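A.B. asks: sharing a model that was predicted from the sequence below.
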Amino acid sequence: MYTSKYSSPLGQILLESDGTRITGLHFKDDTVPLTSELLIFKRAKIWLDKYFNRQNPSVNELDIAPAGTPFRQRVFKALISIPQGKTLSYKEIANNIGSLSSRAAASAIADNPILIIIPCHRVIGANGELRGYSAGIELKKKLLEFEGAI
């Protein structure tokens, strides 16, 4: 695994790659040994620059490889389809992928390895309440405010 860092307006981001695709994006301040700059990291940083400059980049601009079962892959694909500035509920995500279980969808969402690019922060409770985010509810709120979703 290869790693790189990106300084965002919301904190330090750790990027992970298999050498050709992004496999992880996490908010971390940890000291992680960094590897040489790969082309995919340069492309991811350009993508993040566009995102934080409100240019709404497409996930298609990057090669990503989130690890997960076929079910989780369907959930990740559904997350990618949520437009910036919009939110969906866990139940809506479950319905969109043909699952009867919003709990199973929520579990897959919680395991999203590529934050922001796979925008799990755009999923909220059915009552509009902000729920669960691996980087913390405050960061989820900041991302949604930044995108104009709340």
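C.D. replies: That came through, no problem. Numbers count the residues shown, from 1 in each chain.

A.B. asks: three-state assignment of the closest residue to Glu61 other than its chain neighbours?
C.D. replies: With sequence-adjacent residues excluded and distances taken as CB to CB, 6 or more residues apart in numbering, Glu61 is closest to Trp47, at 5.6 Å. (C-beta placed from N, C-alpha, C; glycine too.) Under DSSP: H, G, I helix; E, B strand; the rest coil, Trp47 falls in the helix class.

A.B. asks: measure Trp47 to Ala67 for me?
C.D. replies: Counting by CB to CB, to the nearest Å, the gap from Trp47 to Ala67 is 20 Å.

A.B. asks: with neighbour numbers in mind, choose between the two.
C.D. replies: Counted by other CB atoms under 10 Å, Trp47 and Ala67 do not tie: Trp47 has more neighbours, with 21 against 13.

A.B. asks: is that one in contact with Asn60, as I believe?
C.D. replies: No. Between Trp47 and Asn60 there is no contact, the gap being 10.3 Å when judged by CB atoms under 8 Å.

A.B. asks: from Ser89, how far out is the residue nearest in space to the middle of the chain?
C.D. replies: Geometric centre of the chain, nearest residue: Leu115, 2.3 Å, by CA atoms, centre = their mean. Applying CB to CB, the value for Leu115 to Ser89 is 19 Å.

A.B. asks: also Ser58?
C.D. replies: According to CB to CB, Ser58 stands 24 Å off from Ser89.

A.B. asks: which of these two has more neighbours?
C.D. replies: Just comparing Ser58 and Ser89: by other CB under 10 Å the higher neighbour count belongs to Ser89, 19 against 9.
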